[in-house]
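Colleague: the following comprises the amino acid sequence and a computationally predicted model.
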Amino acid sequence: MPEIEKAVKSEFDDDVILKTENINKIYPGTLALQDVNFNVHYGKVNVLVGENGAGKSTLMKIIAGIEQPTSGKIIFKHKEIQLKSPIAASKKGIGIIHQELNLFPNLNVAENIFITREIFKNGLIDHKAQEDKTKELMQRLEHAINPKTLVSNLRIGQQQIVEIAKVLSQDMEIFIMDEPTSSLSDEEVAVLFKIVDELKSNNVSIIYISHRLEEFMQIGDYITVLRDGRLIAESLMKNVDIPWIINKMVGHDSIKFIRKEHKDVSNEVVLKVEDLSLSKLGGGFLLENVSFSLKKGEILGIYGLRGAGRTELLECLFGVNPEAKGRIIIDGKIVETKFIDERIRSGISLIPEDRQREGLFQNLSIKDNMTMASLKNYTYFIHIDSKDEEDNVKKQVRNMSIKLANINNLISSLSGGNQQKIIIGKGLLTSPKVLLMDEPTRGIDVSAKADIFKIMDKLAASGQGIILVASELKEILAISDRILVFSKGKITGEFTREDATEEGLVSASAIGHEMAHNTNIRRITRNGNSKKTNIKF
Amino acid sequence: MATPKKQISSFRLLGNISSIKMVLIKLRTLIALIGVFIFFSLTATNFMDPGNLITMTKHVAIIAFLGIGMTFVIISGGIDLSVGAIVGLSGMIAGGLIYEGLIIPLPMFGVEITFFFNPLIVILIALLVGVLVGFINGIIITRFGVAPFIATLGTLYVARGFANIRSGGMTFPRLYGDPALGTDGFPFLGTGNILGIPIAIWIMLLIFAIAVYISKKTPLGRHIYAVGDNEQAAKLSGIRVEKVRMFVYMFAGFCAAIAGLIWASQLGAATPKVGEGFELDAIAAAVLGGTSLSGGRGTIGGTLIGAFVISVLSDGMVMVGVSSFWQMVIKGTVIVLAVIVDQFQRKAQLKTTLLQS
């Protein structure tokens, strides 16, 4: 285990309002948090960073009382507390703005803000008072949202503002913001930062989770880095720079992966995509005129921010979005069909992003899960040849070196990493020409990640064409022969294995996202001096 | 990583001790059935007589038909409330065709033409009607996105309504038919024997075997489980979810029509009220047999045992003179207890998985 950096420990021991002691959280199949000692500093912006699946949201859910730790303590103002529910947490003064919006679309803005804390008059809800207070909140947030508007009629960004107003109205001592800016416009972000400053001057402690480096460098006082469920480092923000953060987030030792079996990619094109477009509901495009090709034995990485069109691209290729326009050509043959089963037969296979929701059949065995997409191969007329089926499963399990006791056990008895391998095996059993993998290493441990990369390497060496969507820079750089960067539904960068760099990918992924105040970030340091920082990626 | 490892090893010890308990819990319905048998053979005279056993098995057959169809529907994540009404409707269609034939009025000539059919064709028509109701259920659910509970509640009323309309609410009596018209022979289905065993039981065994085969050995069976377990994952595995749904409702309608035919044939008469509340017995049989109402879990064999428990319990209680009101209380209690035990088993299983990982 890497040494936890505690360079600044002595400096802030006293001003800690809340800390967690040796928090562990176990989910079926994964150890989400391991011995986490997290400090929240009084009246400061405490930034929490880490890659997807590092455990940030889980930790916040524990502090907000939504989930209970498997073991460990929460110390609030020097006393141990139990947070059995979100209500218990909010009574202590801990509020959370969720990453996913938690609003009732069928209720109006005021009703949402005062849900469970309704203002009563003569035993009935005093809508007038609630709406007046909502109006005040909206003015504070510089938004002209009518308190009587139904939440379902608001834009996502506006809904986010309502979510913020909801927590703001509760006079919290600790304010958790889990990626609050992911759906906000630049102006809205500026307002949010003003609110954050205001809260700070009222001695509210803020926990701020974000993926946007420039953003949290600007407003953070402290930074804590999580990786694979462990707390890796914490420091004063003024003492760190971007290379430090990326280094701690990704880790030196996490991926030592080398493409051992890597060969030169052949020139034979297996997949050609021409002018692929997918319209967005209410105008605009999720994908706009995307054209590219994939060669045999090539691993093509797709990088981009959330919402850049990565998942949509894979879904369009697989036939999940039949309304997509454009041409898909596999081995010189145009794929016409809109049905998923026929797309599978024409040689496309998808490993979906959300294993639990889109991949697993929890009540079925390992074998049944693995052959669900390829049953036709072992079926004669209507009869499944069980021996043939089992032989194929066993062969696949061997080829992928998956360690398991019995293929007839329930899939839910496996760890997350092994479940993922089974799902990849399910895709491979359909003998695809093009394998689409959407975040195949999400939420699994480091050694399982390495196994999956080994499997991909082997597949590519045997001529398999692979399209990989991944949001972890180190991973995508390590495994890809070529990388396409997406932003706002368009290809904004193409890199070969040789010329791809973290900086190059990040800046290409930000094309179309430039913030007006991005070039010159004014940052207030601890001693109150203001200094100009130029951040370049 | 020291702590989790310790937990695993201590759990393995625990696991060996509790594994016998788990086996007992898994076989609970069979154990309950044996218990019920022993209890009634001690308390009810004639309970173990071959005659009585065969009569009881005939009752089992009716619930088994409905239960088997229902099991596929529930495994696929749905529910079918219309099967009881289909029992009534198919009986009335068959009864009407044998009793009065198919009457086609020709007003322009001032005459009516009446067609009579051979019982085999009558049976075929009644089965088709059952499948048709299932087809309509499937269309409403897959094409129009209506929740299965509501869709089949609607067809329950419609089918029951048509059963009554067919005769104006009257009973079609004397279904032995008329050899002169070629309509005789229908009662054989419900009262005949082959090798000393009633035809109804032969058909039950046949349907049972077919259903077990579908569930274990065909892609369709696998797909039914997949759709009920995780619809999104099923779609992404290339399963045509709508087709699977259509099949389960049509199969349930088919099974219900068989039950209706056998019932009418046993009675030698068709009444529109037949089958009221049967859908609940069918659901109870499936649930007793370990089928989960949330979909993805269940077996045909379990449902057959569940059907035995339900009907042996009913018949036994009649024989020892339990009032019909108390019968309902006991039946209801047994069903709820079965689900509680089922939940207990699932929790225990989840704990095992959690600690193994």
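Modeller: Here it is on my side, so go on.
Colleague: outline the domain layout of the chain.
Modeller: Picked chain A for this. Split into domains by automatic domain parsing, chain A comes to A:43-57+A:93-250, A:255-347+A:434-442+A:457-537, A:359-431.
Colleague: my question was about chain B, not that one.
Modeller: Taken from automatic domain parsing, chain B resolves into B:58-321, B:326-357.
Colleague: winner for burial among those?
Modeller: Ranked by mean neighbour count under mean count of other C-beta atoms under 10 Å in any protein chain shown, those are led by domain B:58-321, which reaches a mean of 21. C-beta coordinates here come from the backbone N, C-alpha and C atoms, glycine included.
Colleague: how far is that domain from where the chain is centred?
Modeller: How far domain B:58-321 lies from its chain's middle: 7 Å, per C-alpha atoms, centre = their mean, to the nearest Å.
Colleague: equivalent analysis for stretch A:350-364, please.
Modeller: 17 Å.
Colleague: so which bits of it are buried?
Modeller: Residues of stretch A:350-364 classed as buried: A:Leu350, A:Ile351, A:Pro352, A:Glu353, A:Arg355, A:Glu358, A:Gly359, A:Leu360, A:Phe361, A:Gln362, A:Asn363, A:Leu364 (neighbour count, 16 or more other C-beta atoms under 10 Å in any protein chain shown).
Colleague: quick one: contacts for the fifth one?
Modeller: With contact set as C-beta atoms under 8 Å, 6 or more residues apart in numbering or on different chains, A:Arg355 has these partners: A:Gly416, A:Gln419, A:Gln420, A:Ile423, A:Arg442, A:Gly443.
Colleague: so the first one versus B:Gly277, what's the distance?
Modeller: Look at A:Gly416 and B:Gly277: by C-beta to C-beta, to the nearest Å, they are 46 Å apart.
Colleague: hmm, back to that, now, which of the contacts of A:Arg355 sits nearest B:Gly177?
Modeller: Nearest to B:Gly177 among the contacts of A:Arg355 is A:Ile423, at 58.9 Å by C-beta to C-beta.
Colleague: now the strands: where do they sit in chain B?
Modeller: With DSSP state E as the criterion, chain B has strands at B:102-106, B:111-115, B:193-194, B:197-198.
Colleague: let's have the ones you listed in JSON lines, adding mean pLDDT and distance to B:Pro272.
Modeller: As requested, the strands of chain B are exported to JSON lines (pLDDT from 0 to 100; distance: least, C-beta to C-beta, whole Å):
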{"stretch": "strand B:102-106", "mean pLDDT": "86", "distance to B:Pro272": "18"}
{"stretch": "strand B:111-115", "mean pLDDT": "85", "distance to B:Pro272": "21"}
{"stretch": "strand B:193-194", "mean pLDDT": "88", "distance to B:Pro272": "29"}
{"stretch": "strand B:197-198", "mean pLDDT": "87", "distance to B:Pro272": "25"}
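Colleague: ok, and the closest non-adjacent residue to the residue of the stretch 101-250 of chain B at minimum distance from chain A?
Modeller: Nearest residue of the stretch 101-250 of chain B to chain A, counting by C-beta to the nearest C-beta: B:Gly238, 3.4 Å away. The spatially closest residue to B:Gly238, leaving aside those adjacent along the chain, is A:Asp341, at 3.4 Å (C-beta to C-beta, 6 or more residues apart in numbering or on different chains).
Colleague: so how far is the one helix or strand that neighbour maps to from its chain's centroid?
Modeller: Element membership for A:Asp341, per DSSP states H and E: helix A:340-345. Relative to the centre of its chain, helix A:340-345 is centred 28 Å away, using C-alpha atoms, centre = their mean.
Colleague: can you list contacts of that helix?
Modeller: With contact meaning C-beta under 8 Å, 6+ apart, helix A:340-345 is reached by A:317-320, A:335, A:337, A:373, A:430, A:432, B:235-236, B:238-240.
Colleague: then stretch B:136-145?
Modeller: Counting by C-beta under 8 Å, 6+ apart, residues outside stretch B:136-145 touching it are B:78, B:80, B:82, B:146-148, B:151-152, B:154-155, B:241-242, B:245-250, B:252-253.
Colleague: in helices, which of those fall?
Modeller: Among the contacts of stretch B:136-145, the ones falling in helices (DSSP state H) are B:148, B:151-152, B:154-155, B:241-242, B:245-250, B:252-253.
Colleague: between those residues, which is closest to B:Asn46?
Modeller: Checking these one by one against B:Asn46 (C-beta to C-beta), the nearest turns out to be B:Ala252, at 35.0 Å.
Colleague: OK, contacts around the closest one?
Modeller: If you count contacts by C-beta under 8 Å, 6+ apart, B:Ala252 has them with B:Leu66, B:Gly69, B:Met70, B:Phe72, B:Val73, B:Asp80, B:Val83, B:Gly134, B:Asn137.
Colleague: repeat the analysis, applying 7 Å as the threshold.
Modeller: B:Gly69, B:Met70, B:Phe72, B:Val73, B:Asp80, B:Val83, B:Gly134 (C-beta atoms under 7 Å, 6 or more residues apart in numbering or on different chains).
Colleague: B:Arg174 now?
Modeller: So B:Arg174 contacts B:Tyr99, B:Gly268 (C-beta under 7 Å, 6+ apart).
Colleague: against B:Thr183, how distant is it?
Modeller: Distance, B:Arg174 to B:Thr183, by C-beta to C-beta: 11 Å.
Colleague: tell me the contacts of the residue nearest to B:Gly134 when sequence neighbours are not counted?
Modeller: Nearest residue to B:Gly134 in three dimensions, chain neighbours excluded: B:Gly253, at 2.7 Å (C-beta to C-beta, 6+ apart). Applying C-beta under 7 Å, 6+ apart to B:Gly253 gives the contacts B:Ile86, B:Gly130, B:Val131, B:Val133, B:Gly134.
Colleague: hang on, isn't the last one packed against B:Met246?
Modeller: No - at 8.3 Å, B:Gly134 and B:Met246 do not qualify as touching, with contact defined as C-beta atoms under 7 Å.
Colleague: sorry, back to before: got the domains of chain A as JSON lines, with mean pLDDT columns?
Modeller: Listed next are the domains of chain A as JSON lines, based on pLDDT from 0 to 100:
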{"stretch": "domain A:43-57+A:93-250", "mean pLDDT": "84"}
{"stretch": "domain A:255-347+A:434-442+A:457-537", "mean pLDDT": "80"}
{"stretch": "domain A:359-431", "mean pLDDT": "90"}
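Colleague: how about those, which one is nearest B:Ile310?
Modeller: Comparing the domains of chain A by C-beta to C-beta, domain A:359-431 comes nearest, at 24.3 Å.
Colleague: next, give phi and psi for the residue of the stretch 101-250 of chain B closest to chain A.
Modeller: phi 80, psi 20 (degrees, to the nearest 10).
Colleague: cool, and A:Asn363?
Modeller: Main-chain torsions, A:Asn363, degrees, to the nearest 10: phi -90, psi 0.
Colleague: find the nearest non-adjacent residue to A:Leu429, please.
Modeller: Spatial nearest neighbour of A:Leu429, chain neighbours left out: A:Ser374 (4.1 Å); criterion: C-beta to C-beta, 6+ apart.
Colleague: just give me the neighbour total for the one you found.
Modeller: A:Ser374 has 24 neighbours, counted by other C-beta atoms under 10 Å in any protein chain shown.
Colleague: settle this for me: it is touching A:Gly427, isn't it.
Modeller: No - taking contacts as C-beta under 7 Å, A:Ser374 lies outside contact range of A:Gly427: 9.0 Å.
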